[in-house]
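Q: Sequence first, predicted coordinates after that:
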Amino acid sequence: MVAFLSIIPKLMRFAAALLVVFFPFSIVGMQAFANTVSKCDASCGAEYSREAGSEGWYQLNSFDNIGRSYVTLFELMIVNNWHLIMEGHVSATSRVARLFFFGFYLLNVLVVVNVVIAYVLTAFQAGLPVMQASNCMFPLLYPALTYWVPGSE
């Protein structure tokens, strides 16, 4: 619990940094890809088919407005079938669109997401001495659970 509470201010800073990174990419995406993929059909790939029973609906991952842009960029950030999203935009526009998606991947996924992981690990490392001092790894979840800590004899 200590680690979770200590990570909240850092996550707020991360959310602000994420918005700073998302905003320019969403503006560029709206200028480059507005009303392209949302009008796509099976010619952009089977995932973009609008036929009954199709499971794709990837045309919703578009850059038509700021809301959809943020959702699309979030899906790209968590690497949720990013190659299908990219190939749909490439099919609807041109091969140059890959530069946009690779740039976003390199900046956001490889750099920004690793900063979040570093924040989480730092918070848990900072909270570890508090948990060890209470002689219980999970003091709020399992109050009766104690374990042996080296040097606590």
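A: It's in.
Q: Can you work out which other helices and strands pack against the longest helix anywhere in the chain?
A: Of all the segments of type helix in the chain, defined by DSSP state H, the longest one is helix 2-33. When contacts are defined as 3 or more Cβ pairs under 8 Å, 6 or more residues apart in numbering; DSSP states H and E, helix 2-33 packs onto helix 66-77, helix 97-104, helix 113-133. Heads up, the C-betas are built off the backbone N, CA and C, glycines and all.
Q: average pLDDT across that helix?
A: For helix 2-33, mean pLDDT rounds to 85.
Q: next one: stretch 100-117
A: Averaged across stretch 100-117, the pLDDT comes to 87.
Q: what's the pLDDT at Pro150?
A: Pro150 is given a pLDDT of 56.
Q: and the longest helix of the chain with helix 97-104, angle?
A: Inter-element angle recorded for helix 2-33 and helix 97-104: 160 degrees (by axes from the mean of the first three to the mean of the last three Cα atoms, to 10 degrees).
Q: Use 202 as the first number for this chain going forward.
A: I'll keep to 202 as the first residue from here, and by that count the last item is helix 203-234.
Q: Work out the gap between helix 203-234 and the centre of the chain.
A: 9 Å (Cα atoms, centre = their mean, to the nearest Å).
Q: Could you do stretch 226-235 as well?
A: Distance of stretch 226-235 from the chain centroid (Cα atoms, centre = their mean) equals 18 Å.
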